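**Q** Please find the sequence and the predicted model below.
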Amino acid sequence: MKRAFPIFALLTAILLSYALYEALVAAPTEQTMGNVQRIFYYHVPSAWTAFLLFTINFVASVWYLIRRSPHADAVAVVTAEVGVVFCTVVLLTGPLWARPVWGIWWTWDVRLTSTLVLWLIYISYLMLRRFSTSGQTPVLAAAMAILGALDVPLVYFSIWIFRTQHPQPVIGGGGSIDPRMWHVLLINWAAFLCFAGLICWSRYRLEILQREVEEAQALETLEPRSSR
Amino acid sequence: MSKNSGATAGVTGVTLAKDLRLEWRSKDAINSMLFFALLVVVVFSFSFDPNAEQSRQIAGGLVWVAVLFAAVVALNQTWARELRNQVLDAYRVSPAPANSLFLAKALGNFIFVAVLEMLMTPLFIMFYKLRPLGPAWQLIPLAVLGTWAIVVNGTFFAAMSLRARSREIMLPLLLFPVTIPALLALVNATTAILTGELSARFWIVLLTTYDVVFTIACLLLFELVLHAE
């Protein structure tokens, strides 16, 4: 297990470099947007990765409430944290792409706004974990994660009705996309998934170690070494 | 089953009556909410100085943001008041069903916020020269659904943030992001009714869905949150 980590890290680094080359050099230049469009290979995979991580967070939270497994709770913390990071990447690369292409940094359309609200919900989830002094923070956090996840479809629909004018997204918007671009996109997604997996893995180990240290410290307080 | 639900209703009723009596004697929540909402209305009125037509466009947003902010004042006191003399611990060890306690608190908050709304509405009409052009009666079911949306989640999150450092600030941090769809529906429906240009029906359906989903979720999860010491 310990040896697997550096190997996986190395593979991720290679895959990321290859994906970078594919995105910046090998992928065809988009006709109307030009080179700016290449941000697409970072923007979209980050978004998919973030959504996947938030989904795992929801499943882990439900699992924690059913089984009370501390591992499920650690997975929930880790996926929420890394998910927020990827979601932040989405929210930062979005305006960078929108400004030259649409001429505006931000528009209150359904995808942008839903992603922003999603980001807010998971930030408040992390705040709860950070500020809670309860001994059962995992239970509170899991309840919050479930309410947050229930909110997502409602957020999406409410904003969809609120703002239906949307510059058709590149994927699923009926627009045709060069098969070569698809290929590069999927390679980048794979690379980002590996990268996310890598961070989650090391963060998960850190979380488990941290808990072991806390437990050991608590034991130490209960029975000091001198009395043993 | 019927005996159980009878006990639930009984505990709910007793707790609700106790909370109302406490509030009637101290008037802490309602006074602070009312004054806070009044301040918001006056400050907004100064900052925008709208004419009647502009008022119709912005009043929906103003009134509900004022209510949401003011509701936080009452919601923060919901459970904090039970910490004194370890009342909350007594609830935890008592055999009373947790959900009846939650319902009592949510209903109590609903009543406080509804009273606030009733007192605020004439002020709003006066300050913002409001005269709805759409079907005004729809504002009543809308207010009921919207108030419930705010208080059901608010009561839940207030219980959640009870054990947090800087508890008073924790509640809005948890409540506002999750309330966004409800707030959006409320504001748009109110604006639609005031301007009379669009139908509010769709927003009312959305708000009803929100209420149903979150009431069920809160009832299912509340027992866990209550016992999370």
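**A** Perfect, thanks for sending it. These numbers come from a predicted model, not from an experiment.
**Q** Would the lengthiest helix in chain B count as contacting chain A?
**A** Scanning chain B for the longest helix, with DSSP state H as the assignment, gives helix B:52-83. No - judged by C-beta under 8 Å from any C-beta of the partner chain, helix B:52-83 stays clear of chain A, getting no closer than 12.6 Å. Where you see a C-beta, it was placed from the backbone N, CA and C, and this is true even at glycine.
**Q** Which residues of chain B lie near chain A?
**A** Residues of chain B lying near chain A (C-beta under 8 Å from any C-beta): B:153, B:156, B:160-161, B:163-166, B:170, B:173-174, B:176-178, B:180-181, B:184-185, B:188, B:202-203, B:206, B:209-210, B:213-214, B:217-218, B:221, B:224-225, B:227-229.
**Q** These in helices, which ones?
**A** Of the residues of chain B next to chain A, the ones assigned to helices by DSSP H are B:153, B:156, B:160, B:170, B:173-174, B:176-178, B:180-181, B:184-185, B:188, B:202-203, B:206, B:209-210, B:213-214, B:217-218, B:221, B:224-225, B:227.
**Q** List only those of the residues you listed flagged as buried.
**A** Buried members of those, counted by 16 or more other C-beta atoms under 10 Å in any protein chain shown: B:153, B:156, B:160, B:170, B:173-174, B:176-178, B:180-181, B:184-185, B:188, B:202-203, B:206, B:209-210, B:214, B:217-218, B:221, B:225.
**Q** For the chain, which residues score under the pLDDT cut-off?
**A** If you meant another chain, say so; for now it's chain A. Low-confidence segments of chain A, defined by pLDDT under 70: A:1, A:163-176, A:225-228.
**Q** Let me rephrase: I mean chain B.
**A** The model of chain B has pLDDT under 70 over residues B:1-4.
**Q** So the residue nearest in space to the middle of it: helix, strand or coil?
**A** In chain B, the C-alpha nearest the mean C-alpha coordinate belongs to residue B:151, at 3.3 Å (C-alpha atoms, centre = their mean). Classification of residue B:151 using DSSP: H, G, I helix; E, B strand; the rest coil returns helix.
**Q** Measure how buried the closest residue to it other than its chain neighbours is and give me the count.
**A** Among residues not flanking residue B:151 along the chain, residue B:109 sits closest, at 4.1 Å (C-beta to C-beta, 6 or more residues apart in numbering or on different chains). Taking other C-beta atoms under 10 Å in any protein chain shown as the criterion, the count of residues near residue B:109 is 25.
**Q** Contact partners for residue B:109?
**A** Residues near residue B:109 by C-beta atoms under 8 Å, 6 or more residues apart in numbering or on different chains: B:71, B:74-75, B:78, B:151, B:154-155.
**Q** re the thing from before, pretty sure the residue nearest to the centre of chain B sits against residue B:78.
**A** No - taking contacts as C-beta atoms under 8 Å, residue B:151 lies outside contact range of residue B:78: 9.2 Å.
**Q** Share the number of residues neighbouring residue B:13, please.
**A** Neighbours of residue B:13 under the rule other C-beta under 10 Å: 14.
**Q** and the nearest residue to it once chain neighbours are set aside, what helix or strand is that in?
**A** Nearest residue to residue B:13, sequence neighbours excluded (C-beta to C-beta, 6+ apart): residue B:104, at 7.6 Å. If you go by DSSP states H and E, residue B:104 is part of helix B:98-127.
**Q** chain center to that helix, what's the gap?
**A** Counting by C-alpha atoms, centre = their mean, to the nearest Å, helix B:98-127 is centred 6 Å from the centre of its parent chain.
**Q** Buried residues, that helix. List them.
**A** B:98-113, B:116-117, B:120, B:123-124, B:127.
**Q** mind listing the helices for chain A?
**A** Applying DSSP H to chain A gives helices spanning A:4-21, A:40-67, A:70-102, A:110-131, A:137-162, A:179-222.
**Q** Remind me what the shortest one packs against, helices and strands.
**A** For helix A:4-21, the helices and strands in contact under the criterion 3 or more C-beta pairs under 8 Å, 6 or more residues apart in numbering or on different chains; DSSP states H and E are helix A:179-222.
**Q** Repeat the analysis, applying 10 Å as the threshold.
**A** Where contact means 3 or more C-beta pairs under 10 Å, 6 or more residues apart in numbering or on different chains; DSSP states H and E, helix A:4-21 is packed against helix A:40-67, helix A:179-222.
**Q** Could you do the fourth one as well?
**A** Under the contact criterion of 3+ C-beta pairs under 10 Å, 6+ apart, the helices and strands touching helix A:110-131 comprise helix A:40-67, helix A:70-102, helix A:137-162, helix B:139-160, helix B:167-195.
**Q** again, only this time at 8 Å
**A** By 3+ C-beta pairs under 8 Å, 6+ apart, helix A:110-131 packs against helix A:40-67, helix A:70-102, helix A:137-162, helix B:167-195.
**Q** is any part of the shortest one close to chain B?
**A** Yes - contact of helix A:137-162 with chain B (C-beta under 8 Å from any C-beta) involves A:137, A:139-140, A:143-144, A:146-148, A:150-151, A:154-155, A:157-159, A:161-162.
**Q** Of those, just the buried ones, ChimeraX syntax please.
**A** Filtering the residues of helix A:137-162 next to chain B down to the buried ones (16+ other C-beta under 10 Å) takes a single ChimeraX command:
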select /A:137,139,140,143,144,146,147,148,150,151,154,155,157,158,159,162
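**Q** Count the neighbours of residue A:114 for me.
**A** 19.
**Q** Ok, residue B:10 next?
**A** Here the number of neighbours of residue B:10 (other C-beta under 10 Å) works out to 12.
**Q** The one 4 residues further on now?
**A** Here the neighbour count serves as a burial measure; for residue B:14 (other C-beta under 10 Å) it reads 13.
**Q** which residues does the residue lying closest to residue B:147 once chain neighbours are set aside contact?
**A** Excluding the flanking residues, the one nearest residue B:147 by C-beta to C-beta, 6+ apart is residue B:113, at 5.1 Å. For residue B:113, the contact set (C-beta under 8 Å, 6+ apart) comprises B:33, B:67, B:70-71, B:74, B:147, B:150-151.
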